[in-house]
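S.K.: Sharing a model that was predicted from the sequence below.
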Amino acid sequence: MPVKAFGLEFPNPVGLAAGLDKNGEHIDALLSLGFGFVEIGTVTPRPQAGNPKPRMFRLPEHEAVINRLGFNNLGVDALVHNLERARRKHGLVGVNIGKNKDTPNEDAVKDYLYCLERVYPLADYVTVNISSPNTQGLRDLQQEATLWALVSELREAQEDLAAQHGHRIPMLVKVAPDLSEDEIDSIAEVMNKARVDGVIATNTTLDRFPVEGHRHAGEAGGLSGRPLYGRSTAVLRRLRARLNDNVTTVGVGGILS
């Protein structure tokens, strides 16, 4: 089922979300499994260890996982090295970029710009991750004024890089599921105004109601899997109704077999 989105031809619409192959170490193996695309990362400018272990908890009876990995990765230089040596015969590769945990939000755009510039020549598309619950304060970047300041600067850099390299790489923004309807509407307005290529909905949730009573329900981190599907789809649906037709939406999760 080939599909065309934001100017790219995908061999099929089912991709592997960011978070599994954080450093781009297994790109060819993952593409060979049949994914239409693989998104690597989240990557940060400098290496960081992530949160202390244990930081991942399985809830098999709910078909769910809670994680608080915390952007553990080897840094963008290591990811670029792995991208350069990957053959990438079977599908497309996106790169999910973030900020280091010790970078204050007022300087966050510098981290995103650094990663964008480093991966631009090698990525098929780039995702701006402002929605992980496991980096303190990261989701504050989704507030309307802050989001506009961040995304507009990244969009300007995107077009400058396109002119510099002679080809344009799409840029998407990944949002959280834990948003009010007004917040979703504000985000959609910013995405339309900035003319981003796409929005990915959604990251993991802080809501524990779907797994209430489970022995791991009290663990800090983001919940994913079957309990997230309904909320993620609701956010996706509202975004789709409010985004311009030229802004692609990408849904995350819900494939369980």
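M.R.: Sure, I can see it.
S.K.: From L239, how far out is P11?
M.R.: Remark: distance between P11 and L239 (C-beta to C-beta, to the nearest Å) = 25 Å. C-beta coordinates here come from the backbone N, C-alpha and C atoms, glycine included.
S.K.: In terms of neighbours, single out the busier of the two.
M.R.: More neighbours surround L239 than the other of P11 and L239, with 23 against 16 (other C-beta atoms under 10 Å).
S.K.: Using just helix, strand and coil, how would you label that one?
M.R.: Three-state assignment for L239 (DSSP: H, G, I helix; E, B strand; the rest coil): helix.
S.K.: from memory it sits against G251, does it?
M.R.: No. Counting by C-beta atoms under 8 Å, L239 does not reach G251; the two are 9.8 Å apart.
S.K.: shared neighbours, the two?
M.R.: Taking C-beta atoms under 8 Å, 6 or more residues apart in numbering as the criterion, L239 and G251 both touch A201.
S.K.: Buried residues of stretch 204-214, list them for me.
M.R.: For stretch 204-214, burial by neighbour count (16 or more other C-beta atoms under 10 Å) applies to T204, T205, R208, P210, V211, H214.
S.K.: residues contacting L31?
M.R.: Taking C-beta under 8 Å, 6+ apart, we find L31 in contact with V38, R88, K89, H90, G91, V93.
S.K.: Oh, that last question was meant for V235, not what I typed.
M.R.: Listed by C-beta under 8 Å, 6+ apart, the contact set of V235 reads V175, P177, L179, I184, A201, T202.
S.K.: Against K4, how distant is the nearest residue to it once chain neighbours are set aside?
M.R.: In space, and not counting its chain neighbours, V235 is closest to A201: 4.8 Å by C-beta to C-beta, 6 or more residues apart in numbering. From A201 over to K4 the distance is 20 Å, taken as C-beta to C-beta.
S.K.: again, but for A18
M.R.: Counting by C-beta to C-beta, the gap between A18 and K4 amounts to 22 Å.
S.K.: So the two - more neighbours on which side?
M.R.: Neighbours were tallied for A18 and for K4 using other C-beta under 10 Å; the higher tally belongs to A18 (25 against 9).
S.K.: Many thanks, we can stop here.
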